[in-house]
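Visitor: give me a model of this one.
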Amino acid sequence: MEDRRHKNNDAWLLMLRICASLGWLAIIAVSVIGWLGAPELDTGIARYHELDIRDHWQNRWVSLLPFALGACTLLSLLALGVTPLRSRRKNDPKRIHLLILLALALAGYAFYWLQILGNTG
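Guide: This is a model prediction of the structure:
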């Protein structure tokens, strides 16, 4: 009789992969939103050409950051919660990337609360 345990992907593994992929897409969205909303750098070329430089965070983009960070945190916690249900053997992958994703989301929250909200108030 064939061993079919690893031939097909089960629902838990599929959910774990979807949550992990969406979590990483959310952290990329956080990076893009942060880049779009951040103050512009004052460079020598900008000063030479006397260009106007935005020195404040744009509220339109900054207001989206908590939602993207929340989605990233929720998805990484959900994937970390599914991992013990799926991985029972010693040779199963440890999924360290989910811990890195959660750490990035928490660092994003710290940056948001300390840097952005501290400068807009």
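
Visitor: what does stretch 70-86 rub up against?
Guide: 10, 12-13, 15-16, 19-20, 22-23, 26-27, 30, 92, 95, 98-99, 101-102, 104-106, 108-109 (C-beta atoms under 8 Å, 6 or more residues apart in numbering). Backbone N, C-alpha and C define where each C-beta goes, glycine included.

Visitor: what part of this protein, helix or strand, is modelled with the least confidence?
Guide: helix 117-120 (a mean of 64; mean pLDDT, DSSP states H and E).

Visitor: can you give me the helices in the protein?
Guide: Assignment of helices within the chain using DSSP state H yields the ranges 11-37, 44-48, 59-62, 65-86, 96-111, 117-120.

Visitor: mean confidence score for the first one?
Guide: For helix 11-37, the mean pLDDT works out to 89.

Visitor: and that helix, what's buried?
Guide: Of the residues in helix 11-37, 13, 15-16, 19-20, 22-24, 26-27, 29-30, 33-34, 37 count as buried by neighbour count, 16 or more other C-beta atoms under 10 Å.
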